[in-house]
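S.K.: output the structure for:
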Amino acid sequence: MPDLASATLLYLAPRGGTSGVGDHADDFVAAVAPHLGEVVELRHGPPREDGIADVLRVRRALRAALAERGDRPVIVHAELSGGSLAGLWAAAGADATIRTATLHDPPRPVWYPYLTRGLARSRYVVHGAHLPLNRLTARMERRLMRNVHAFALSAEGVDAMTAARIGASQSASHLLVPERASLPPAADRPRAVGLFGHVYRGKGFEQLVAIREALDPGIALRVAGRGTADLPPTPGVEILGEVRGRAEDDFFASVRALLLPYERRYVYGTEVFPASSVLTRAIAYRTPSLSTAVGPLTGAARDGATIALDGDGPAVAAAASDLVDDADRLRAATDDLDAFAATQTVESAIAPYLQAWSR
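M.R.: As a prediction, the model looks like this:
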């Protein structure tokens with residue numbers, strides 16, 4: 001592989017701590033930085049936070065950074081997700097040596113490319129601006145990505161991008177499994193299960209009442225993550241709000257299994273294939289998980305990363321009622337996580353990017 005030590009990476013991503021993509025960006029840039037001569041981070045807000053002025057600010061900063069480096073090899077890489085318009089528009093037309101992007105919600109790069117802070121105040125205005133233009137927008141996104149090497153974080157995501165003709169070429173990588181504290185074996189933790197992650201539609205938080213009813217009454221249900229503090233109080237559900245650092249360790253130490261009752265996600269009739277950063281947290285803490293058999297979770301289940309089930313949130317909860325009291329199954333699931341984590345190294349996650357950048 002050619003030496004990248006003379007190259008500069010101009011890195012467009014949401015700020016850390018603002019979204020799952022921002023958290024991924026912190027881990028990713030730390031992993032690739034030692035392989036590059038220079039990394040310049042151009043951070044922006046998560047979906048719904050940036051206005052037109054913010055997009056223009058990031059775009060000017062990118063152009064200035066490109067101009068300052070003259071003939072030096074420069075890579076422009078963007079982390080793109082459902083409504084993070086700054087990364088898409090700032091990089092559009094950038095004259096770099098190579099341009100790449102990770103699509104966190106493939107097959108489309110952004111889906112809502114006009115989702116400014118002002119527009120986001122009304123969901124009716126958001127859809128009024130995007131739905132009538134959806135076909136035109138899809139063509140526009142293909143055009144903006146025509147010279148970009150596109151990455152997805154699952155094989156299913158790559159297949160979807162390829163079918164949608166997004167990117168000059170496509171490659172698969174995987175989410176980084178973060179370093180986390182070692183916890184007691186799942187069978188030795190409290191008799192509880194958890195839901196974790198950033199609250200938005202389709203991740204199962206709206207099914208809390210039905211999940212609680214389907215779960216054994218003697219099993220505690222704990223919920224944590226960004227936005228969970230705003231969930232309505234639900235009898236029999238302990239809502240912890242956002243947890244970070246030691247509080248995150250304590251949350252996973254308090255549950256024997258994690259529930260991922262995800263629904264299939266569609267935007268204007270097209271299925272979306274996001275990778276689950278919540279699953280990587282469960283893997284990092286060696287916490288067995290039960291999920292619905294949708295999107296990349298199906299492939300993850302084949303590799304031993306989760307137990308995927310047909311059905312909805314209550315079906316996942318009912319299966320959890322059996323799992324949490326079965327020490328042998330918990331140990332077997334944890335062994336599967338150990339084996340899977342051994343294949344999901346930092347090196348294997350960044351290797352496809354280093355290969356693409358070396359071209």
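
S.K.: what sits against the nearest residue to Pro314 once chain neighbours are set aside?
M.R.: Beyond its immediate neighbours in the sequence, the residue positioned closest to Pro314 (CB to CB, 6 or more residues apart in numbering) is Ala214, lying 3.7 Å away. Glycine gets a C-beta too; all of them are placed from N, C-alpha and C. Each residue near Ala214 by CB atoms under 8 Å, 6 or more residues apart in numbering is listed here: Gly313, Pro314, Ala315, Ala317, Ala318, Ser321.

S.K.: which among those gets closest to Ala164?
M.R.: For the contacts of Ala214, the minimum distance to Ala164 (CB to CB) is 29.0 Å, reached by Gly313.

S.K.: which residue ranges of this protein form helices?
M.R.: Taking DSSP state H, the helices of the chain run over residues 20-32, 52-68, 85-91, 123-130, 134-144, 155-164, 208-214, 246-253, 277-284, 296-302, 313-323, 327-343, 346-357.

S.K.: ok so, going back, greatest separation within the contacts of Ala214: which pair is it?
M.R.: Gly313 and Ser321 (13.1 Å).

S.K.: which residue is the nearest non-sequential neighbour of Leu215?
M.R.: If you skip the residues right next to it in sequence, Leu215 has Ala317 as its closest partner in space, 4.4 Å away by CB to CB, 6+ apart.

S.K.: thinking again about what came up before, Gly313 and Ser321: which has the busier surroundings?
M.R.: In terms of neighbours (other CB atoms under 10 Å), Gly313 is the more surrounded of Gly313 and Ser321; the figures are 25 against 15.

S.K.: isn't the more buried one right up against Ile211?
M.R.: Yes: with the criterion set as CB atoms under 8 Å, Gly313 and Ile211 qualify as a contacting pair; they are 4.8 Å apart.

S.K.: find residues that contact each of those two.
M.R.: Here Gly313 and Ile211 share the contacting residues Gly204, Leu259, Pro261, scored by CB under 8 Å, 6+ apart.

S.K.: of those, buried ones?
M.R.: With burial judged by 16 or more other CB atoms under 10 Å, the buried subset of these is Gly204, Leu259, Pro261.

S.K.: show me the residues you listed that map onto strands.
M.R.: Helix and strand membership here follows DSSP state E; of those, those in strands are Leu259.

S.K.: lowest-confidence entry in the buried ones among the shared contacts of Gly313 and Ile211?
M.R.: Note: of those, the lowest pLDDT belongs to Gly204, at 88.

S.K.: residue contacts, it?
M.R.: For Gly204, the residues meeting the contact criterion (CB under 8 Å, 6+ apart) are Leu195, Ile211, Leu259, Leu260, Pro261, Tyr262, Glu263, Gly313, Val316.

S.K.: the second one contacts Gly236, correct?
M.R.: In this case it means Ile211. No: applying CB under 8 Å as the test, Ile211 and Gly236 come out as separate, 9.9 Å apart.
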